[in-house]
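[1] What follows is a predicted protein model with its sequence.
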Amino acid sequence: MGKNQALVGNFNGALVQFQQALALGRSVESRESMAISLESLSSAYDTLGDYKKALVNFREYKTLNDSLNSSEVRTNIARMEESFRRDKEEKMFQLEADRMDAVNARQRVLNIALAVSLFFLLLTAFLLYKVMRTRVRNSKLEQEALRLQSGRLETEKTALEEDLRYKERELTANALFLLKKNELIAHIVERLLKAKSTFRQENQKIVQDIVHDLQASRDEHNWEEFEAHFTRVHSTFYQTLQQRFPSLTPNERKLCAFLRLNMSTKDISTITHQSVNSITVARSRLRKKLQIDGEDVHLIDLLQSI
């Protein structure tokens with residue numbers, strides 16, 4: 001209101017309003033309001049020419065204004081310090097939050113890496129377990145296959161050994177059959193020779209021819225049959241014997257075959273129609289060719305191992 005009075009040129013009325021405003025400001029202790037009122041009063045007194053009062057009011061205004069400015073500066077400084085402190089705290093909180101976020105992020109990365117490592121470790125362990133289990137199963141299958149194969153081979157071996165024993169028994173029986181046959185022929189020849197003198201002259205020639213035919217034909221046919229059967233049973237005997245002892249004669253190889261069947265000297269003599277002494281000499285000569293010293297059993301053992 002005082003400023004409105006001053007604008008219209010009523011400075012006295014303005015003074016009254018400014019004084020009332022100053023008094024009101026003092027009553028409420030409003031320093032800002034007092035400073036405005038004093039400045040207005042100083043300007044009004046200066047316009048009216050009362051320079052003394054104008055100076056007094058200006059000085060009071062200046063003092064009060066400087067005080068207000070100083071207080072405002074302190075307030076601003078305090079406000080700035082408070083703002084700086086808050087900014088610093090906010091920055092610290094933000095840095096701490098960022099640090100915690102970084103720690104949490106690093107921890108999450110570590111957790112993820114640990115989980116991935118654990119997953120691959122478990123996967124590797126599982127794959128190794130599967131591989132080992134497969135190997136164990138394959139090993140068991142191979143062992144079972146080997147066991148079955150071994151059992152089958154053992155069965156086949158047993159069957160072959162049994163078949164060989166059967167054939168050896170059959171061969172021995174064949175040899176004994178030849179032995180009995182030759183014994184029978186020898187007995188018949190002996191009886192015919194003894195009874196020859198009792199026959200008439202014209203019949204003696206017939207008896208002699210029969211004896212000659214029996215003695216001439218019995219060896220070759222019987223030996224060929226025996227040798228063929230012996231070769232079927234012992235297919236590699238003659239070949240091995242020839243390779244190891246190439247100097248043996250056919251008769252010596254024949255003697256080896258008889259000895260392979262563990263036949264006695266007497267039995268060999270009967271089959272071959274040679275004397276026992278001849279067979280004994282032949283056996284002694286055979287031992288020398290085979291470079292064997294000792295009893296006959298050693299000779300038979302060597303031939304049975306071929």
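    Sure thing, it's come through.

[2] rest of the way, CA atoms for contacts and neighbours
    Fine.

[3] If you average the pLDDT over whichever strand or helix holds Leu22, what comes out?
    Counting by DSSP states H and E, the element that carries Leu22 is helix 11-28. For helix 11-28, the mean per-residue pLDDT is 82.

[4] helices and strands around that helix, which ones?
    Here helix 11-28 touches helix 2-7, helix 31-48, going by 3 or more CA pairs under 8 Å, 6 or more residues apart in numbering; DSSP states H and E.

[5] got a list of contacts for the last one?
    Applying CA atoms under 8 Å, 6 or more residues apart in numbering, the external contacts of helix 31-48 come out as 3, 6, 11, 14-15, 18-19, 21-22, 25-26, 51, 53-58, 60-61, 64-65, 68.

[6] what stretches of the chain score poorly on pLDDT?
    Screening the chain residue by residue with the criterion pLDDT under 70, one finds the ranges 70-78, 80-81, 84, 161, 163-180, 182-183, 215-225, 293-297.

[7] Run through the strands of it in chain order.
    For the chain, no strands are identified by DSSP state E.

[8] any idea how it splits into domains?
    In the domain annotation for the chain, the residue ranges read 2-89, 170-304 (automatic domain parsing).

[9] ok, back up a step: check which residues of the helix holding Leu22 are buried.
    With burial defined by 16 or more other CA atoms under 10 Å, the residues of helix 11-28 counted as buried are Phe11, Ala14, Leu15, Gln17, Phe18, Gln19, Ala21, Leu22, Gly25.

[10] starting at the chain centroid, how far to it?
    Remark: helix 11-28 is offset 107 Å from the chain centroid, using CA atoms, centre = their mean, to the nearest Å.

[11] Helices of this protein, residue ranges please.
    Using DSSP state H, the helices found in the chain span residues 2-7, 11-28, 31-48, 51-195, 201-233, 237-244, 250-260, 265-272, 276-289, 296-304.

[12] Quickly compare those and say which is most buried.
    Counting by mean count of other CA atoms under 10 Å, helix 31-48 has the highest mean neighbour count of the helices of the chain, with a mean of 20.

[13] now the angle from that one to helix 11-28?
    If you take axes from the mean of the first three to the mean of the last three CA atoms, to 10 degrees, helix 31-48 sits at 160 degrees to helix 11-28.
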